[in-house]
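Peer 1: give me a 3D structure for the following:
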Amino acid sequence: MITLEQCKKTLNRGERKYTNEEIKQIRKYLMLLAEMENENNLGKNHRPTMQRRRKCKDIHKETNNTRHLQIHHDP
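Peer 2: Numbering: from 1, shown residues only. Down below sits the predicted model:
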């Protein structure tokens, strides 16, 4: 697994800076996507399970909610 520090270094290269919590959520989301892609490539599953789809949607919602709060609460 890629470390939080490696993720932080990669994600914060640009102008936008991410919090540790945002980085953890992004890393978690990407790990789930990689797991689904790996399963598809191995022929185990041709479609992601509903449980994994829900996890991805939940992470996406969390990330959007965090950004929404950040945008509207910055001084």
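Peer 1: what are the buried residues along stretch 6-23?
Peer 2: C7, K8, Y18, E22, I23 (16 or more other CB atoms under 10 Å). Bear in mind the C-beta positions are built from the backbone N, C-alpha and C, glycine included.
Peer 1: mind checking which of those residues are in helices?
Peer 2: The helices, defined by DSSP state H, take in C7, K8, E22, I23 from those.
Peer 1: and the closest residue to the second one other than its chain neighbours, what does it touch?
Peer 2: Okay, so that is K8. Distance criterion CB to CB, 6 or more residues apart in numbering; nearest residue to K8, sequence neighbours excluded, is I23 at 5.4 Å. By CB atoms under 8 Å, 6 or more residues apart in numbering, the contact set of I23 is L4, C7, K8, L11.
Peer 1: and for N12?
Peer 2: By CB under 8 Å, 6+ apart, N12 lies in contact with Y18.
Peer 1: ok, Y18 next?
Peer 2: Applying CB under 8 Å, 6+ apart, we find Y18 in contact with K8, L11, N12, I26.
Peer 1: also R27?
Peer 2: Going by CB under 8 Å, 6+ apart, R27 touches I2, L4, C7.
Peer 1: just the CA trace of stretch 5-15, in PDB.
Peer 2: Written as PDB, here are the backbone C-alpha positions of stretch 5-15 (Å, rounded to 0.1, in the frame of the first residue of the first chain):
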ATOM      1  CA  GLU A   5       3.400  10.600   3.000                       C
ATOM      2  CA  GLN A   6       3.800   9.400  -0.600                       C
ATOM      3  CA  CYS A   7       0.200  10.300  -1.400                       C
ATOM      4  CA  LYS A   8       0.600  13.700   0.200                       C
ATOM      5  CA  LYS A   9       3.800  14.400  -1.800                       C
ATOM      6  CA  THR A  10       2.000  13.400  -5.100                       C
ATOM      7  CA  LEU A  11      -1.300  15.200  -4.400                       C
ATOM      8  CA  ASN A  12       0.100  18.400  -3.100                       C
ATOM      9  CA  ARG A  13       2.400  19.000  -6.000                       C
ATOM     10  CA  GLY A  14       0.000  21.400  -7.600                       C
ATOM     11  CA  GLU A  15      -1.600  24.600  -6.400                       C
END
